[in-house]
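*Asks:* Any chance you could fold what I've pasted below:
(2 chains)
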Amino acid sequence: MNIWLLFLVLGVLTFLTRLSFIAIFDKVEPPRSLRKALRFVPIAVLSAIIGPEVFYANNTFLATLNNPKLFAALIATLVAYKTKSITWTIFSGMIAFWILRLFL
Amino acid sequence: MNESKPLNEFFLGVRDELPILLGVVPFGMIFGILALNAGLSNLEAQAMSSVIFAGSAQFMVAKLLAESTPFFIIVISGFVINLRHALYSATLSPYLKGLSLKWKVLLSYLLTDEAFAVSVIHFQKNEDNSNKHWHLFGSGLTLWTSWQISTAVGIFVGAQIPEAWGLDFALPLTFIALVIPGLKDKPGLLVAATASIFSLIFFPLPFKLGMLMASFLAIGIGIWSEKK
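*Replies:* Numbers count the residues shown, from 1 in each chain, chains lettered A, B, ... in the order given. Purely as a prediction, here's the structure:
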């Protein structure tokens, strides 16, 4: 197999996927309904990434009550709500995770 | 009007991206090691990080190469796993409208999950700022640089941060910090709840399609709830 050709094809495809709508919607105005829908993308996508990161480890679903990441994520959620600070959220979440891991 | 200067925006982007690196750097090192184990040379492993520059696709491609998967199948798999970037592209399009082709090419090359996450939140809060694209340049370049360096460290030195530390947990924590303050109304809450619940149900689907499907479903619920 030609590894370099493979990388080139994958690189170009990835780049074009990323460029796609940034280029298209500069020329063509997207319909209003689509623009409204796109406002939900950040919340939807980020939440859809958070879910498995918290509940799955090595492709196995973690039984809820002995999953330290679940409780650490809940604590981090509270801290995020109160402080709106990324640094404090990560700090509290990681510390909670490390402590809870010892007991759960 | 909130006219912040280009360099201010750039460094805000850099600063906003820094916490995510806690999770990205170990991931990059692991990729470097994994790529060598898959039979790639040092140069090929490093090139993958700069030519493809998409973490989860790179992990999958390395794994498929190790299993001697046919060329065409690897290309299709890589393409599908990266489809979510089209959604990011559409979401960012109104904020990058009117930029030169050079900017669009540069920012598209740098558009990853991690840069999108911090910069789209910044864009939503600073819609009127005509220099806001510099924020994405800052966050994207920061991630790019750390991805290249951490790949190289993985290749040449090995994993310097034990996996047992669980630093990959910093990624969902950062995303929690980005999402929670933005949940101000019922549609937003419903979108977040739907996306996280269905991302778990759809998780077993291949090529990260579960994440895309959960997102689309959640966006649909959001639109429905807003219309009611």
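
*Asks:* Give me the contact list for the host helix or strand of B:Trp103.
*Replies:* In the assignment (DSSP states H and E), B:Trp103 maps to helix B:101-109. With contact meaning Cβ atoms under 8 Å, 6 or more residues apart in numbering or on different chains, helix B:101-109 is reached by A:15, A:18-19, A:22-23, A:26, B:53, B:89, B:92, B:96, B:99, B:133, B:136-137, B:140. For the C-beta atoms, the positions are set from N, CA and C on the backbone; glycine is no exception.

*Asks:* redo that, cut-off 10 Å
*Replies:* Outside helix B:101-109, the residues that touch it by Cβ atoms under 10 Å, 6 or more residues apart in numbering or on different chains are A:11, A:14-23, A:26, B:50, B:53, B:85, B:88-89, B:92-93, B:96-100, B:115, B:119, B:133-134, B:136-137, B:140-141, B:144.

*Asks:* Number of residues surrounding residue 9?
*Replies:* If you meant another chain, say so; for now it's chain A. 19 (other Cβ atoms under 10 Å in any protein chain shown).

*Asks:* actually it's chain B I care about, not the one you picked
*Replies:* 23.

*Asks:* And the pLDDT at the closest residue to it other than its chain neighbours?
*Replies:* Using Cβ to Cβ, 6 or more residues apart in numbering or on different chains and skipping the chain neighbours, the partner closest in space to B:Glu9 is B:Trp134 (3.7 Å). Reading off the confidence values, B:Trp134 has pLDDT 98.

*Asks:* B:Trp134 and B:Ile20: what is the separation?
*Replies:* B:Trp134 is 18 Å from B:Ile20, where distance means Cβ to Cβ, to the nearest Å.

*Asks:* The two: which has the busier surroundings?
*Replies:* B:Ile20 (27 against 23).

*Asks:* quick one, domains of the chain?
*Replies:* Defaulting to chain A. A:1-38, A:40-104 (automatic domain parsing).

*Asks:* oops, chain B please
*Replies:* Using automatic domain parsing, chain B is parsed into the domains B:6-163, B:183-228.

*Asks:* just to revisit the earlier point, tell me what whichever strand or helix holds the residue nearest to B:Glu9 is packed against?
*Replies:* Counting by DSSP H and E, the element that carries B:Trp134 is helix B:133-156. Packing contacts for helix B:133-156, counted by 3 or more Cβ pairs under 10 Å, 6 or more residues apart in numbering or on different chains; DSSP states H and E, involve helix B:6-37, helix B:42-51, helix B:55-66, helix B:84-96, helix B:101-109, helix B:113-125.
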